[in-house]
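S.K.: All I have is the shape, not the residue letters:
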Ligand code: AMP
């Protein structure tokens with residue numbers, strides 16, 4: 001066979017065993033998110049390009065290098081969403097939710113798109129589960145959002161995690177810190193890597209995101225942002241940390257955690273697997289009190305996070321999937337059919353079993369032996385066998401796969417007989 005089409009680089013086919021694991025995780029997460037008061041939101045996969053350039057910010061990797069941008073036939077510039085916060089904020093404003101009393105809480109699950117260099121755990125289409133809590137400036141909400149993230153991990157049994165938190169200040173205290181950082185770094189341009197040299201002008205805070213050890217060593221000499229926070233930001237951070245302590249959430253303060261998006265203010269946090277290396281980041285989030293105002297709405301405080309589903313599933317099972325070796329889904333009842341008439345009879349009568357259990361009717365026209373083998377590999381508890389005799393007698397041969405016992409069962413008794421075996 002010559003394969004004519006291949007998936008685009010950096011994308012994956014999710015199926016079989018891996019898909020079952022995803023669905024299991026997703027159902028656990030939906031339960032947790034509902035308990036924290038979040039309702040689901042599904043926004044379009046693409047939005048006006050300017051929504052992302054204004055919110056995520058130019059000077060960030062996402063906007064400068066990683067967006068899939070295209071012109072529509074009508075001449076508008078659209079981009080596949082690289083993240084979901086901007087879309088949720090757009091939807092919040094466009095749908096008049098500013099008039100809702102209290103905190104508006106949304107969660108999302110879905111694909112995001114970034115033109116990044118693909119490698120294990122980094123894809124061009126990947127999925128995020130995330131939340132946005134809009135309408136409260138309380139540091140208690142920041143802590144609740146972190147607790148919600150750790151609950152998502154707990155719900156699927158993900159452990160060995162590190163929570164890192166920081167505050168990156170507000171409009172009052174951050175600009176002078178950024179100015180100081182820029183002037184200091186301008187004097188050391190020869191010592192920073194090329195990427196950092198361009199960051200010094202465009203977005204100096206992002207120097208802290210650099211993976212280059214030399215750059216990190218240089219930065220260690222500069223005063224940490226925690227020393228530059230105004231009193232309100234310090235208070236906010238203290239209350240946030242105190243609440244995490246009260247919730248027994250374990251965390252570390254990390255001065256260099258600035259996050260790669262422009263819209264964060266005050267609280268930022270990241271959850272990573274084990275070692276705490278940046279490339280093992282599973283979840284990131286923070287407060288964004290100015291974004292809604294920047295998008296044309298009334299100034300409204302908000303906080304949220306997003307977690308990478310591929311990375312979480314990889315962390316949980318510690319493996320990449322070999323789909324050649326994963327099986328099709330498990331069924332309760334497998335129906336072996338001797339011929340086409342038997343297939344038709346089976347569909348007509350075994351179909352009613354689907355109101356109580358999972359049923360696979362074999363329509364491959366292959367031999368009985370091969371069909372029985374398939375029944376075993378699908379882990380079915382009951383095999384129903386149909387040939388001409390069964391059709392004539394309006395019945396099935398029913399085999400209990402655990403005991404090996406086989407007996408005829410009339411059509412009328414089918415559901416009760418199957419249920420009896422499955423109940424054991
Ligand atoms: P960010 O929106 O960059 O803060 O990312 C939030 C989370 O999404 C990260 O912690 C990762 O788990 C995941 N993530 C980000 N980019 C990618 C990617 N290219 N491939 C897979 N997962 C990603």
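M.R.: Looks like it arrived, so ask away. Keep in mind it's a predicted model, so treat the numbers as computed, not measured. Numbers count the residues shown, from 1 in each chain.
S.K.: from here on, contacts and neighbour counts on C-alpha atoms
M.R.: OK.
S.K.: what's the average pLDDT for the helix ranked longest in the chain?
M.R.: Taking DSSP state H as the assignment, the helix of the chain that covers the most residues is helix 16-35. With pLDDT averaged residue by residue, helix 16-35 scores 95.
S.K.: May I have the secondary structure class of residue 353?
M.R.: helix (DSSP: H, G, I helix; E, B strand; the rest coil).
S.K.: returning to what we had before: next, the buried residues of the longest helix of the chain.
M.R.: Within helix 16-35, the residues that qualify as buried are 16, 17, 18, 21, 22, 25, 26, 28, 29, 30, 32, 33, counting by 16 or more other CA atoms under 10 Å.
S.K.: what about the second one, distance to residue 37?
M.R.: If I follow you right, that is residue 17. For residue 17, the distance to residue 37 equals 31 Å [CA to CA, to the nearest Å].
S.K.: which parts of the stretch 301-424 of the chain sit against the ligand?
M.R.: In this structure, the stretch 301-424 of the chain approaches the ligand at residues 306, 307, 308, 311, judged by CA under 6 Å from any ligand atom.
S.K.: what's the answer for the chain, then?
M.R.: Near the ligand, when you scan the chain using CA under 6 Å from any ligand atom, you find 83, 114, 121-124, 126, 128, 281-284, 306-308, 311.
S.K.: so where do the helices sit in the stretch 101-250 of the chain?
M.R.: Taking DSSP state H, counting those that start in this stretch to define them, one finds helices in the stretch 101-250 of the chain at 139-155, 174-186, 194-202, 213-219, 231-246.
S.K.: can you put those helices in CSV and add distance to residue 293 and mean pLDDT?
M.R.: Putting the helices of the stretch 101-250 of the chain into CSV (distance: least, CA to CA, whole Å; pLDDT from 0 to 100) gives the following:
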stretch, distance to residue 293, mean pLDDT
helix 139-155, 19, 98
helix 174-186, 18, 95
helix 194-202, 22, 90
helix 213-219, 32, 92
helix 231-246, 19, 98
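S.K.: Go through the ones you listed and pick out the most buried.
M.R.: Per-stretch averages of neighbours, counted by mean count of other CA atoms under 10 Å, single out helix 139-155 among the helices of the stretch 101-250 of the chain, with a mean of 21.
S.K.: Looking at the buried residues of helix 16-35, spot the one nearest residue 159.
M.R.: Closest approach between the buried residues of helix 16-35 and residue 159, by CA to CA: residue 25, at 14.3 Å.
S.K.: Correct me if wrong: the closest one contacts residue 158.
M.R.: No. When contacts are counted by CA atoms under 8 Å, residue 25 is not listed as touching residue 158 (10.6 Å).
S.K.: So if we follow the domain assignment, how does this structure break up?
M.R.: The chain is divided into the following domains under automatic domain parsing: 16-173+229-317, 333-419.
S.K.: Pick out the shakiest of those, pLDDT-wise.
M.R.: Out of these, domain 16-173+229-317 stands lowest, with a mean of 94 (criterion: mean pLDDT).
S.K.: mind checking the end-to-end distance for that one?
M.R.: Domain 16-173+229-317: ends 15 Å apart by CA to CA.
S.K.: Now residue 103. Its backbone dihedrals?
M.R.: Taking degrees, to the nearest 10, you get phi -90, psi 130 for the backbone angles of residue 103.
S.K.: ok, now which ones touch the residue lying closest to it once chain neighbours are set aside?
M.R.: Here the nearest residue to residue 103 in space, its sequence neighbours aside, is residue 135; by CA to CA, 6 or more residues apart in numbering that works out to 4.7 Å. Shown here is residue 135, whose contacts under the criterion CA atoms under 8 Å, 6 or more residues apart in numbering are 102, 103, 104, 300, 301, 302.
S.K.: Fine by me, thanks again.
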